[in-house]
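S.K.: What follows is a predicted protein model with its sequence.
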2 protein chains.
Amino acid sequence: MVTTRFPGAAERLRKAGIPPTRQRVAIAEVLFARPVHLSADQVLARVREHMPEMSRATVYNTLKLFREKNMVRELVVDPERVFYDSNTAPHYHLFDVRTGELSDVSADELQVIGTPVLPAGLELEEVDVIIRVRSRAPA
Amino acid sequence: MVTTRFPGAAERLRKAGIPPTRQRVAIAEVLFARPVHLSADQVLARVREHMPEMSRATVYNTLKLFREKNMVRELVVDPERVFYDSNTAPHYHLFDVRTGELSDVSADELQVIGTPVLPAGLELEEVDVIIRVRSRAPA
DNA sequence: TTCCATGCAAAGGGTTTGCACTCTC
DNA sequence: GAGAGTGCAAACCCTTTGCATGGAA
């Protein structure tokens, strides 16, 4: 499968204050062409379709960098691996524990009421909602 | 620190249909004396205070078994390790991303409104809510 | 030339597995 | 003595690290 490219990647990196190297642009193209949920290894595989010399370490470095700049959100949902979500708008997730598939639940469909008052010295980072479901195994 | 023992452990295992071996009872004592959030390694360490010969593999096997019998809940919150929660009543979690500390948020304090209608063939397993906070570093 | 970024390989850490030994019924 | 349970060590997999090379200002 050929991944759709995303032309504005370099622009987007500059706006975030990240010097756009070839590798970072290639990773950004995979992530930001459309909203995706990908593990580091999946990102690596997709980038290597166009750039076979991409190294694993660079993918991990870059994902960490993008996260610090709030360009992606880290999803800790599957004990096996971390997923990166290129949709940073508030929304929630549905996780199929059988297949490992992740999908979005929009913030319109679901509301969290009564987030507790945080003790002094605690700063809210984010609220994750994960609806864990199990799909029927195929016949 | 000496862990408080829990007398009814063997009973509890039998009720769940689990043959109570010495090792399983020791693990149950650590988990069910009171509600705890522990990683597999933390369980191992606490059990070894009383039973130094306990093996890592047995802890992992037993935690998996307890989970299948719904005696503990697996918390996927920290990318570094899975936590096991011995409180199976509905409740949510607050996670300090700086220290890795986990604490409970009762289901009274917080409500999730509008859980989406699941497509046919999807069975709801559970809804996790994780409030990620960051505490101030100590002075 | 200096400094950051990259690539490679090895190390690290949590978890699982293979297999022989032990215990129980 | 059959079968489940246990212990040990090695294997596994995702992620991080060390370090030398490469490239841009």
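M.R.: Ah, there it is. Since the structure is predicted, the reported quantities are computational estimates derived from the model, not experimental observations.
S.K.: Distance from stretch A:90-99 to the middle of the chain?
M.R.: Offset of stretch A:90-99 from its chain centre (Cα atoms, centre = their mean, to the nearest Å): 13 Å.
S.K.: does it come close to chain B?
M.R.: Yes - judged by Cβ under 8 Å from any Cβ of the partner chain, stretch A:90-99 comes into contact with chain B at A:94, A:96, A:97. C-beta coordinates here come from the backbone N, C-alpha and C atoms, glycine included.
S.K.: Export those as JSON lines, with columns for pLDDT, distance to residue A:124 and secondary structure.
M.R.: Converted to JSON lines, the residues of stretch A:90-99 next to chain B look like this (pLDDT from 0 to 100; distance: Cβ to Cβ, whole Å; DSSP: H, G, I helix; E, B strand; the rest coil):
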{"residue": "A:94", "pLDDT": "96", "distance to residue A:124": "23", "secondary structure": "strand"}
{"residue": "A:96", "pLDDT": "94", "distance to residue A:124": "28", "secondary structure": "strand"}
{"residue": "A:97", "pLDDT": "92", "distance to residue A:124": "27", "secondary structure": "coil"}
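S.K.: and those residues, which are buried?
M.R.: Neighbour-count burial (16 or more other Cβ atoms under 10 Å in any protein chain shown) applied to the residues of stretch A:90-99 next to chain B gives A:94, A:96.
S.K.: could you dump the residues of stretch A:90-99 next to chain B to JSON lines with distance to residue A:110?
M.R.: Below are the residues of stretch A:90-99 next to chain B laid out as JSON lines (distance: Cβ to Cβ, whole Å):
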{"residue": "A:94", "distance to residue A:110": "10"}
{"residue": "A:96", "distance to residue A:110": "17"}
{"residue": "A:97", "distance to residue A:110": "19"}
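S.K.: Tell me the one of the residues of stretch A:90-99 next to chain B nearest residue A:10?
M.R.: residue A:94 (33.1 Å; Cβ to Cβ).
S.K.: which one of the residues of stretch A:90-99 next to chain B sits closest to residue A:80?
M.R.: Of all the residues of stretch A:90-99 next to chain B, residue A:80 sits closest to residue A:97, with 11.3 Å by Cβ to Cβ.
S.K.: The closest one and residue A:79: what is the separation?
M.R.: 10 Å (Cβ to Cβ, to the nearest Å).
S.K.: Next: residue A:16.
M.R.: Going from residue A:16 to residue A:79 by Cβ to Cβ gives 30 Å.
S.K.: Assign residue A:11 to helix, strand or coil.
M.R.: helix (DSSP: H, G, I helix; E, B strand; the rest coil).
S.K.: Give me the number of neighbouring residues for it.
M.R.: 12 (other Cβ atoms under 10 Å in any protein chain shown).
S.K.: how does chain A divide into domains?
M.R.: Following automatic domain parsing, one gets these domains for chain A: A:9-78, A:88-133.
S.K.: To DNA strand C, which of those lies closest?
M.R.: Closest to DNA strand C of those, according to Cβ to the nearest atom of the strand: domain A:9-78, at 3.2 Å.
S.K.: got any ranges where chain A has weak pLDDT?
M.R.: A:1-5, A:139 (pLDDT under 70).
S.K.: Now the residue lying closest to residue A:51 once chain neighbours are set aside, what are its backbone angles?
M.R.: Leaving aside its sequence neighbours, residue A:51 sits nearest to residue A:26 (Cβ to Cβ, 6 or more residues apart in numbering or on different chains; 5.1 Å). As for residue A:26, its main-chain torsions (degrees, to the nearest 10) stand at phi -60, psi -40.
S.K.: residue contacts, residue A:26?
M.R.: A:47, A:50, A:51, A:54 (Cβ atoms under 8 Å, 6 or more residues apart in numbering or on different chains).
S.K.: my read: residue A:90 touches residue A:107, true?
M.R.: Yes - between residue A:90 and residue A:107 there is a contact under Cβ atoms under 8 Å: 4.6 Å.
S.K.: which of these two has more neighbours?
M.R.: residue A:107 (14 against 10).
S.K.: quick one on the thing from earlier: report the buried members of the contacts of residue A:26.
M.R.: For those, buried by 16+ other Cβ under 10 Å: A:47, A:54.
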